[in-house]
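Chemist: sequence and predicted model, in that order:
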Amino acid sequence: MTDFLQPAGIVVLPSALTLPRSLALAGTLGLGRLPFVKLIDCLQHHTEGDELEETVVFEVEVERPQRRAHDIHHTERLAATFKADDDWYPEVVSLRPDFPRVPHINLRADEFPRSLCLYEEAWSQVSLRWTPAAFIDRIRSWLTETAKGTLHQEDQPLEPLLFGSGYKIVLPAGFYDDVSADGSQELRIAPAHSGKDCRVFIAEAGAGDGGMPFLALSLVAQPQMHGAIRHAPRDLRQLDEFLSPAGIPLIEVLHAKLADWNQKDMLDKNVLLIIAFPLMRAGQAFVESTDLWMFLTTKSVAEVGVGIGLWEKTSHGLGTPLSKDPGADGSSIPLDILSPHFDLSRARAAASSGVVAEDREMVAVGAGALGSQTLRLLAQSGFGRWCVVDEDVLLPHNVARHSLDSGVVGFPKAVAVAAQLRRFYAVEGPISFVEADVLRPSTKKDELEKRLGAASLILDMAASIPVSRYLAHDAPGGARRVALFLNPQGIDLVQLTEDAHRALPLDCLEMQYYRSICQIPELHNHLAPPPGRLRYARSCRDVSSSIPNSAVSMHAAIGSEAIRQAVKDESATINIWHSDPQTLEVRLFNVTPSPVHRNAHGPWTLVVDATIQRRIAELRQSKLPSETGGVLLGAYDLERKIVYVVETIPSPPDSEEWPTLYIRGKKGLAAEVEKVSAITDGQLEYIGEWHSHPDGCPCRPSDDDIEVFNWLAANMDDAGLPALMAIAGQGPVVAWYLGEMVRSGGWELGT
């Protein structure tokens with residue numbers, strides 16, 4: 001028997017939960033429809049700030065090999081905690097007090113309970129398609145792969161030994177060239193800017209005049225096996241305990257080093273420790289990478305020496321203690337852990353390009369690589385008076401493809417890009433910025449909404465589906481939206497432009513864009529991942545595509561001119577520029593957007609465009625007098641409860657088609673669905689069924705139709721999704737049934 005850890009809170013009935021996700025999870029588990037999982041308890045808890053948290057405790061059965069790489073039990077008890085603001089992942093912890101230290105564990109203040117790192121995608125991306133069924137499946141898969149030792153893939157970079165505090169320091173590109181033979185170096189360190197929230201520091205070699213003076217000591221640990229992220233040491237004693245098994249007796253090393261630094265011009269300088277950890281992959285005996293960390297203390301050399309018992313304070317200055325003070329173990333010397341980044345060299349930096357504008361108020365969301373270069377081209381040619389919106393700060397790796405240079409590393413991108421644009425046209429007034437995440441603007445909400453509401457054009461260059469959905473549905477103002485983004489490999493550019501009346505918003509254009517890449521053979525690999533990705537930091541989410549700046553600059557030039565042309569025309573557009581990296585040829589695929597119908601039923605909204613309506617009607621006509629059918633492919637926005645119907649796979653060859661009967665087969669169907677999912681990077685999936693009725697027969701459901709719909713509803717309900725069925729009839733008319741099927745008919749739409 002296991003004495004499980006107890007989550008915080010009071011036990012309540014599942015029906016007493018109030019947060020949508022915890023209520024959905026408890027409700028699904030309580031129905032018992034999901035295999036290999038059992039509901040245990042539900043709890044409610046209020047934090048010190050009176051924020052509501054709800055926890056669902058459950059047990060899952062885990063598929064395990066006979067020989068396990070990690071001690072994962074057949075049955076694991078877990079707790080998932082949901083917060084009222086729903087702005088971050090639900091935290092999933094193991095309630096087993098001896099749960100092993102394994103890869104992909106989140107850092108917590110306390111070691112237990114251990115928290116599972118389930119997702120690599122951002123929460124804003126995960127939340128769009130989060131369901132209890134998918135959530136449980138993710139957890140079981142995590143546990144299974146951990147038991148096998150395959151959760152960390154062979155081609156995945158090694159995990160760091162530590163997890164940083166969020167503070168970063170930028171070192172000179174030739175930092176180690178200036179380190180002395182004894183591993184020491186003088187540095188001056190200053191915040192990148194004077195803002196109170198600055199989390200980036202700039203280090204310059206030598207004594208100099210600016211910043212705070214530091215004496216840096218560089219040390220190299222013995223090769224380590226990569227593994228779980230550990231807790232960051234908070235003081236010198238904890239760092240000594242952490243480094244001793246790695247072959248660095250830190251306190252002893254500092255005793256020797258500080259004795260050499262006992263000079264008048266050194267005693268007042270602060271101490272900085274730079275530790276390199278060579279890392280090896282499990283089962284391999286060679287060093288694959290090096291994990292570099294910096295430990296900074298605001299204590300001087302003299303104070304550190306006293307804190308580790310090397311010296312003692314006397315009336316005459318520093319003296320040698322007669323006996324060892326047991327309390328002088330380094331615990332009085334606090335440390336801040338910094339994540340080091342190296343400044344870009346000339347060879348690595350790419351030439352900056354610019355952007356085009358026009359004399360109207362415009363908002364640009366996203367000032368990354370493509371966004372900054374497009375904006376510079378637009379503004380430099382006088383196109384637009386821009387408000388730049390972005391939440392990120394500029395880091396060294398960004399400069400390789402960004403319009404900004406290394407002189408503003410650490411500054412917010414929105415501020416720096418706006419300042420860059422302002423220098424082109426200073427006489428025409430300031431170019432504004434909003435340093436905020438449009439999905440979570442916090443204190444900048446009013447300012448952001450004011451800018452969006454007053455804009456004549458909103459240019460979405462965030463390359464984020466959640467941001468695009470927000471701009472399509474929730475952002476204020478009637479301005480046209482234009483989305484501009486690169487495909488994952490950086491060889492194709494996509495432009496989605498709403499019509500002047502916004503009858504075709506960005507989300508509808510996005511769905512038709514997915515259909516187009518399925519129908520155009522040359523674009524079947526359009527959304528395939530790039531051959532390599534750059535890990536510029538340590539978190540599993542710190543990933544940047546390895547795209548040459550030449551491709552970004554080329555597409556920025558195309559995109560800036562395309563935006564110019566688009567605003568001259570009131571119609572909607574879908575453009576895809578496909579380039580060949582070898583021949584440098586660029587081919588334009590122009591897709592004519594299709595009008596859409598929106599119909600609401602209960603909490604759900606169905607979005608169907610004329611092209612899919614016509615496609616179904618044509619398939620019906622081709623099989624008359626027999627009935628036919630197929631499956632529907634599309635997408636869900638679960639946050640807004642929208643179902644998009646995008647494509648169909650016609651009747652499989654083993655189907656039974658008769659004048660008064662249709663039974664859909666399945667031969668080759670799964671492969672076709674998987675093919676569409678692969679082409680669209682999982683954005684399109686199976687969402688329902690359709691079949692036809694013969695001439696003279698209305699689109700109202702038969703008894704068999706209702707029976708099939710009820711079966712479909714039961715299966716989709718387990719996944720937290722609504723059932724969808726379409727019946728094609730004479731006219732051509734297609735009736736749509738979402739969520740429920742009634743005799744009186746669904747929504748009948750003509751082509």
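Modeler: Structure received.

Chemist: from here on, just use CA atoms for contacts and neighbour counts.
Modeler: Noted.

Chemist: can you give me the strands in the stretch 451-600 of the chain?
Modeler: 457-460, 480-486, 492-497, 533-535, 543-545, 573-579, 586-591, 596-601 (DSSP state E, counting those that start in this stretch).

Chemist: which stretches of the stretch 401-550 of the chain form helices?
Modeler: Assigned by DSSP state H, counting those that start in this stretch, the stretch 401-550 of the chain shows helices spanning 413-424, 445-454, 465-473, 506-519, 549-568.

Chemist: buried set for the first one?
Modeler: For helix 413-424, burial by neighbour count (16 or more other C-alpha atoms under 10 Å) applies to Lys413, Ala414, Val415, Ala416, Val417, Ala418, Ala419, Gln420, Leu421, Arg422.

Chemist: how near is the third one to Glu391?
Modeler: Translated: Val415. 10 Å (C-alpha to C-alpha, to the nearest Å).

Chemist: shared neighbours, these two?
Modeler: Jointly contacting Val415 and Glu391 under the rule C-alpha atoms under 8 Å, 6 or more residues apart in numbering are Glu435.

Chemist: still on that earlier bit, would JSON lines of the helices of the stretch 401-550 of the chain with mean pLDDT and distance to Leu439 be doable?
Modeler: What follows is the helices of the stretch 401-550 of the chain, written out as JSON lines (pLDDT from 0 to 100; distance: least, C-alpha to C-alpha, whole Å):
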{"stretch": "helix 413-424", "mean pLDDT": "87", "distance to Leu439": "16"}
{"stretch": "helix 445-454", "mean pLDDT": "95", "distance to Leu439": "10"}
{"stretch": "helix 465-473", "mean pLDDT": "96", "distance to Leu439": "7"}
{"stretch": "helix 506-519", "mean pLDDT": "97", "distance to Leu439": "16"}
{"stretch": "helix 549-568", "mean pLDDT": "91", "distance to Leu439": "24"}
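
Chemist: confirm that Ser127 sits in a helix.
Modeler: Yes: counting by DSSP: H, G, I helix; E, B strand; the rest coil, Ser127 is located in a helix.

Chemist: does it really touch Glu639, like I thought?
Modeler: Yes: here Ser127 reaches Glu639: they are 7.3 Å apart, a contact under C-alpha atoms under 8 Å.

Chemist: neighbour count: the two, which is higher?
Modeler: Ser127 (19 against 10; other C-alpha atoms under 10 Å).

Chemist: what sits against the more buried one?
Modeler: Leu638, Glu639.

Chemist: please redo it, this time with the cut-off set to 10 Å
Modeler: Ser127 sits next to Arg21, Asp86, Asp87, Trp88, Tyr89, Glu121, Pro466, Asp637, Leu638, Glu639 when contact means C-alpha atoms under 10 Å, 6 or more residues apart in numbering.

Chemist: the residues you listed in strands, which ones?
Modeler: Asp637 (DSSP state E).

Chemist: next step: the contacts of Ser127 restricted to helices.
Modeler: Among these, the members found in helices (DSSP state H) are Arg21, Pro466.

Chemist: filter the contacts of Ser127 to the buried ones?
Modeler: Of these, these count as buried by 16+ other C-alpha under 10 Å: Arg21, Tyr89, Pro466, Asp637, Leu638.

Chemist: which one of those is nearest to Leu34?
Modeler: The shortest approach to Leu34 among the buried ones among the contacts of Ser127 belongs to Arg21, at 16.3 Å (C-alpha to C-alpha).
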